[in-house]
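Q: Pasting a predicted model and its sequence here:
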Amino acid sequence: MTFTALKDKRERGFLDGQFVIAMPGMQDGNFARSVVYICAHSPAGAMGFIINRAQTVSFTEILLHLKLVEQPDAIMLPRAARDFPILNGGPVETGRGFVLHSDDYSSESSIPVSDDISLTATLDVVRAICDGRGPRRATMLLGYAGWGPGQLESQIGANGWLNCPASEALIFDRALDNKYERALALMGVRPEMLSMEAGHA
């Protein structure tokens, strides 16, 4: 599924609003030890964001690239925006930025992805964050994860992923180092348990 398809989505799939968590045997380096928040799932495919992988670019560099500021020393950001988190959202359209955020912010281009979380992929939300008018909780992601029709379901069936209801707190938690383990803990699972069981589904 593509981001464009998300905007036109009419059906909800059983993975909407879920985490999919990579099993230890995940062979695809793009997704090893990843936690993905699924924003859209339907017969057309699935689309989501990796929420536990850091991006090397900073928010200041994003602002410079977008020409929202002309030079670093001219940037006067509110405290909440100075260390605004930028994550590697996935291997598709890696040059494109998306902001997952709480539903207290909305624009004409915002797309609700759950009762409490929205997605905005236009500059208005970036400007709002810079001006201190942004959402209470948010993170920017460069790129996204996408699957074709039936692809993600097939991978889950082949013991590639576990899935569970998403936690809003975990989505926006800035501590990335142990987010994989904490996502598994939502299911009462420890990584070493999966290591012993991987391949025996």
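A: Noted; the coordinates are in hand.
Q: ranges for the strands of this structure?
A: Using DSSP state E, the strands of the chain run over residues 18-22, 35-42, 45-50, 86-88, 92-102, 111-112, 117-120, 138-147, 161-165.
Q: could you dump the ones you listed to CSV with distance to Glu61 and mean pLDDT?
A: All C-beta spots, glycine's among them, are computed from the backbone N, C-alpha and C. Compiled in CSV, the strands of the chain are given as follows (distance: least, Cβ to Cβ, whole Å; pLDDT from 0 to 100):
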stretch, distance to Glu61, mean pLDDT
strand 18-22, 28, 96
strand 35-42, 24, 95
strand 45-50, 20, 96
strand 86-88, 9, 95
strand 92-102, 12, 94
strand 111-112, 26, 91
strand 117-120, 20, 94
strand 138-147, 11, 95
strand 161-165, 32, 95
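Q: now these in JSON lines, with mean neighbour count?
A: Formatted as JSON lines, those follow (neighbours: other Cβ atoms under 10 Å):
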{"stretch": "strand 18-22", "mean neighbour count": "24"}
{"stretch": "strand 35-42", "mean neighbour count": "26"}
{"stretch": "strand 45-50", "mean neighbour count": "26"}
{"stretch": "strand 86-88", "mean neighbour count": "20"}
{"stretch": "strand 92-102", "mean neighbour count": "18"}
{"stretch": "strand 111-112", "mean neighbour count": "14"}
{"stretch": "strand 117-120", "mean neighbour count": "24"}
{"stretch": "strand 138-147", "mean neighbour count": "23"}
{"stretch": "strand 161-165", "mean neighbour count": "16"}
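Q: Tell me who's in contact with the residue positioned nearest the centre of the chain.
A: With distances taken as Cα atoms, centre = their mean, Phe49 lies nearest the centre of the chain, 2.8 Å away. Contact analysis of Phe49 by Cβ atoms under 8 Å, 6 or more residues apart in numbering lists 36-37, 39, 87, 89-90, 98, 100, 141, 144-145.
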